[in-house]
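# Predicted model and sequence follow; I will ask about them next.
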Amino acid sequence: MKAKIISAREIALQIVGRVLDDGAYANIEAHRELLERRGLSDLDRRFILELAYGTVKHWNTLDWILSSLSKRPLEKIEQDIMNILRLGAYQILYLDRVPDSAACNESVALAKRLVHHGAAGFVNGVLRNLGRRYSSISQVSFPAIQNKPVDHISLKYSHPRWLVERWIRTYGLKNTLELCAFNNRPPVHSVRVNTLAVSIDGFKKVLADNDIEFRESQIVKEGLIIKAYGRLERNACLRNLYLTQSEGSMVVAHKVDPRPGDSILDACAAPGAKSTHLAQRMANSGEIIALDIHEHRVALIENNCRRLGITCIYPSVMDAREAAVHLDNHKFDAVLVDAPCSGTGVLNRRPDARWRKEAADISRLSGLQVELLEAVIPLVKPGGKLVYSTCSLEPEENEGVIEEVLKKSKSIRAADGKGYTKLLPFEMQTDGFFIASLTVS
């Protein structure tokens, strides 16, 4: 039987529906769809990701605009029709290279094929009205920033109101504007050179020989920003020479600063980017005990170790809060707690993450973070290092956690100066990270 032909827009629509209606994760759904459809061209793959991720990222702005054009309340519109409208509106408002007529006609075709002919007429009317009123998002009038700064930023930059309010209080209006704008830019693709297999200069030559454009990271020497990441990813012969990792994340291993032969505990290690980075800096000698509470995530650590040829990491399924008991109070030269967090520093590379967060998550997570730190303090050798990191921008998960632990424990102190490093997207143009270095007496 001949395989059913499905358009790029329909694939994007399926991803959007699973994310917005069913709560699926955008990256997982996109990976599954693209993996199942190996015959897609590079152009189609990029278009699918642009449509799906862009529609999910901007859904509150799209709904706000669509609500002014539809005679029906949005909550009374069928989910499939609503997602077709969102997908079409995203193309009209945000994609200059897609003609409005194509966005409208293809959306009508989707409605006819996937819903019913009556829905097609409704979709046609709403999207043609949208195209007549606005040729791009720059023509939309948002609430005035002087009178309604939260509404303005939330709608213009597609972020939840509660998070915008929080950032304005913490970082001020100007920085919040820059932060939200940064989150909407296409994320860069950064990789860490596997210096166990190739020198940094050697990997640069490999990239050049394969016509893969790159630039050097301004933050870490072993980091490279890859322009045509898909070309690198598809070259199976190069997989053992690098690992995808954000620049901010690479800073963490530098702060741990392990030596060859050290004994290290990575308390929340999956998927293993930081563990394998530590192993590189240790010349693959010594030991790294890498923990995670989920078996399938521990498998990710094992896969990355095999990929990079690392043998000094010992992954284990374990809750770090119980590590002292299970590890029989073994003492480590350094312990890393890269804690579960709200992830508000990495919204640039996770299109649906901003809509999954709630204010209550921050207080809940900060309690867990304190528990994790307190649980591993007894595992650090006297004079050893305890490093705490998050990809959160929220003070309650960062400085607040360190302050609380310092108050409770007399055996730890800041390693140097204020004891922490903050990477803020509006300052560094990279993912947001918080890294605290503590010394245990």
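Structure's in. What do you need?

# okay but residue 271 is in contact with residue 301, surely?
Yes. When contacts are counted by Cβ atoms under 8 Å, residue 271 is listed as touching residue 301 (6.3 Å). Where you see a C-beta, it was placed from the backbone N, CA and C, and this is true even at glycine.

# Comparing those two, which residue is more hemmed in?
Neighbours were counted for residue 271 and for residue 301 using other Cβ atoms under 10 Å; residue 301 has more, 26 against 19.

# wait, is the more buried one part of a helix?
Yes. Under DSSP: H, G, I helix; E, B strand; the rest coil, residue 301 falls within a helix.

# Do you know the pLDDT at it?
Confidence at residue 301, expressed as pLDDT, is 98.

# Okay, now the sheet partners of the lengthiest strand in the chain, with direction.
In the chain, with assignment by DSSP state E, the single longest strand is strand 380-390. Strand 380-390 pairs in its sheet with strand 332-338 (parallel), strand 433-440 (antiparallel), by DSSP bridges.

# So which of these is nearest residue 416?
Nearest to residue 416, of all those, is strand 433-440, at 6.8 Å by Cβ to Cβ.

# Let me see the mean pLDDT of the closest one.
For strand 433-440, mean pLDDT rounds to 95.

# next SSE after the longest strand of the chain?
Using DSSP states H and E, the helix or strand that directly follows strand 380-390 along the chain is helix 399-408.

# got the contact list for residue 415?
385, 437, 438, 439 (Cβ atoms under 8 Å, 6 or more residues apart in numbering).

# Make CSV out of the residues you listed and add neighbour count.
Below are these laid out as CSV (neighbours: other Cβ atoms under 10 Å):
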residue, neighbour count
385, 22
437, 20
438, 25
439, 17
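
# I'd say residue 166 and residue 358 touch.
No. Using Cβ under 8 Å, residue 166 is not in contact with residue 358; the gap is 11.4 Å.

# of these two, who's got more company?
residue 166 (19 against 12).

# any idea how far the more buried one is from residue 253?
Residue 166 sits 30 Å away from residue 253, going by Cβ to Cβ, to the nearest Å.

# and what of residue 219?
Remark: distance between residue 219 and residue 253 (Cβ to Cβ) = 12 Å.

# rewinding a little: and which of the contacts of residue 415 is nearest residue 147?
Using Cβ to Cβ, the contacts of residue 415 come closest to residue 147 at residue 437, 43.9 Å.

# Have a look at residue 219 and residue 253 and say which one is more surrounded.
Just comparing residue 219 and residue 253: by other Cβ under 10 Å the higher neighbour count belongs to residue 253, 28 against 17.

# Quick one: the contacts of residue 415 as TSV, columns for distance to residue 364 too.
Shown next, in TSV, are the contacts of residue 415 (distance: Cβ to Cβ, whole Å):
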residue	distance to residue 364
385	28
437	26
438	23
439	29
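
# Please state the offset of stretch 234-250 from the chain centre?
Distance of stretch 234-250 from the chain centroid (Cα atoms, centre = their mean, to the nearest Å) equals 16 Å.

# Name the residues of it that are buried.
238, 241, 242, 243, 244, 245, 246, 247, 248, 249, 250 (16 or more other Cβ atoms under 10 Å).

# how far away is the last one from residue 222?
Relative to residue 222, residue 250 is positioned 7 Å away (criterion: Cβ to Cβ).

# what do the two both touch?
Shared contacts of residue 250 and residue 222, defined by Cβ under 8 Å, 6+ apart, are found at residue 192.

# residues in contact with residue 145?
Taking Cβ under 8 Å, 6+ apart, we find residue 145 in contact with 152, 153, 173.

# The second one: neighbouring residues, count only.
Okay, so that is residue 153. 26.

# same question, the first one
Applying other Cβ under 10 Å, we find 18 residues neighbouring residue 152.

# now do residue 410
8.

# measure it to residue 441 for me?
Distance from residue 410 to residue 441, by Cβ to Cβ: 8 Å.

# try residue 42
Going from residue 42 to residue 441 by Cβ to Cβ gives 56 Å.

# what's the answer for residue 124, then?
Taking Cβ to Cβ, one finds residue 124 at 71 Å from residue 441.

# More neighbours: the two, which one.
More crowded of residue 124 and residue 441, by other Cβ under 10 Å: residue 124, with 17 against 11.

# Surely residue 316 forms part of a helix?
No. Read with three-state DSSP, residue 316 is strand and lies in no helix.

# Show the model's pLDDT score for it.
At residue 316, the model reports a pLDDT of 97.

# That one contacts residue 297, correct?
No. Using Cβ under 8 Å, residue 316 makes no contact with residue 297, being 11.6 Å away.

# wouldn't residue 376 be in contact with residue 336 here?
No. Between residue 376 and residue 336 there is no contact, the gap being 9.1 Å when judged by Cβ under 8 Å.

# Between those two, which contacts overlap?
Shared contacts of residue 376 and residue 336 (Cβ under 8 Å, 6+ apart): 265, 267.

# Looking at those two, which has the bigger crowd around it?
Shown here are residue 376 and residue 336; by other Cβ under 10 Å, residue 336 has more neighbours (29 against 25).

# got a list of what the more buried one touches?
By Cβ under 8 Å, 6+ apart, the contact set of residue 336 is 252, 256, 264, 265, 266, 267, 274, 278, 387, 389.

# What is the nearest of those to residue 429?
Closest approach to residue 429 among the contacts of residue 336 (Cβ to Cβ): residue 252, at 18.4 Å.

# Domain ranges for this structure, per the record?
In terms of domains, the chain is parsed into 8-138, 149-183, 189-244, 248-440 (source: automatic domain parsing).

# and after the one helix or strand residue 105 maps to, which helix or strand comes next?
Assessed by DSSP H and E, residue 105 sits inside helix 100-114. Next helix or strand after helix 100-114 toward the C-terminus (DSSP H and E): helix 117-133.

# Following the chain past that next one, name the next helix or strand.
Scanning forward in sequence from helix 117-133 by DSSP H and E, the next helix or strand is helix 149-156.

# packing partners for that following helix?
helix 59-67, helix 161-183 (3 or more Cβ pairs under 8 Å, 6 or more residues apart in numbering; DSSP states H and E).

# For residue 228, which of the strands paired with strand 380-390 is the nearest?
Nearest to residue 228, of all the strands paired with strand 380-390, is strand 433-440, at 26.1 Å by Cβ to Cβ.

# quick one: that closest one to helix 399-408, angle?
Using axes from the mean of the first three to the mean of the last three Cα atoms, to 10 degrees, the direction of strand 433-440 lies 10 degrees away from that of helix 399-408.
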